[in-house]
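Participant: Pasted the sequence and its predicted model underneath.
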Amino acid sequence: MTLAERFAYYTHGLTFERIPDQVIHEAKRRIIDAVACGLGAVREEPLAQARRAAARLAPSGLATLLGTGQRTSPDLAAFVNGYAVRYLDYNDTYLSREALHARASRSVGH
């Protein structure tokens, strides 16, 4: 069985009741952190530029940009919203054995 198949099999059989309380708590913390970072970045100029680009490329769609009423395509919303979430994120909740975020540690030769 491939890793993707194992993952699909596991998630298909997973129910909310089987998820440990600590896992649910930590997932909520990550979601709150991401949304807070994204909302905090909404007024930053690089995000305004990304929203303008999305408006030019897909002026309407099914997905909403975080902190705005602007709608665009799902792929552009994922890009802009992902950018917003990461813009102010100082990786303060990254869980790893390494001190640095995975991207940062690769860029410094680890």
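Facilitator: That came through fine.

Participant: Strands of the chain, residue ranges please.
Facilitator: Using DSSP state E, the strands found in the chain span residues 63-64, 71-72.

Participant: is it possible to export those to TSV including mean pLDDT, distance to residue 26 and mean neighbour count?
Facilitator: Glycine gets a C-beta too; all of them are placed from N, C-alpha and C. Listed next are the strands of the chain as TSV, based on pLDDT from 0 to 100; distance: least, C-beta to C-beta, whole Å; neighbours: other C-beta atoms under 10 Å:
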stretch	mean pLDDT	distance to residue 26	mean neighbour count
strand 63-64	97	26	15
strand 71-72	97	31	22
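
Participant: of all those strands, which lies closest to residue 32?
Facilitator: strand 63-64 (18.7 Å; C-beta to C-beta).

Participant: and that closest one, which strands flank it?
Facilitator: Strand 63-64 has the following sheet partners, assigned by DSSP bridges: strand 71-72 (antiparallel).

Participant: For the strands of the chain, could you give me a markdown table that also reports distance to residue 45?
Facilitator: Shown next, in a markdown table, are the strands of the chain (distance: least, C-beta to C-beta, whole Å):
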| stretch | distance to residue 45 |
| --- | --- |
| strand 63-64 | 21 |
| strand 71-72 | 19 |
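
Participant: same for the longest helix along the chain, what does it pack against?
Facilitator: In the chain, ranked by residue count with DSSP state H as the criterion, the top helix is helix 21-41. In terms of contacts (3 or more C-beta pairs under 8 Å, 6 or more residues apart in numbering; DSSP states H and E), helix 21-41 is packed against helix 74-87.
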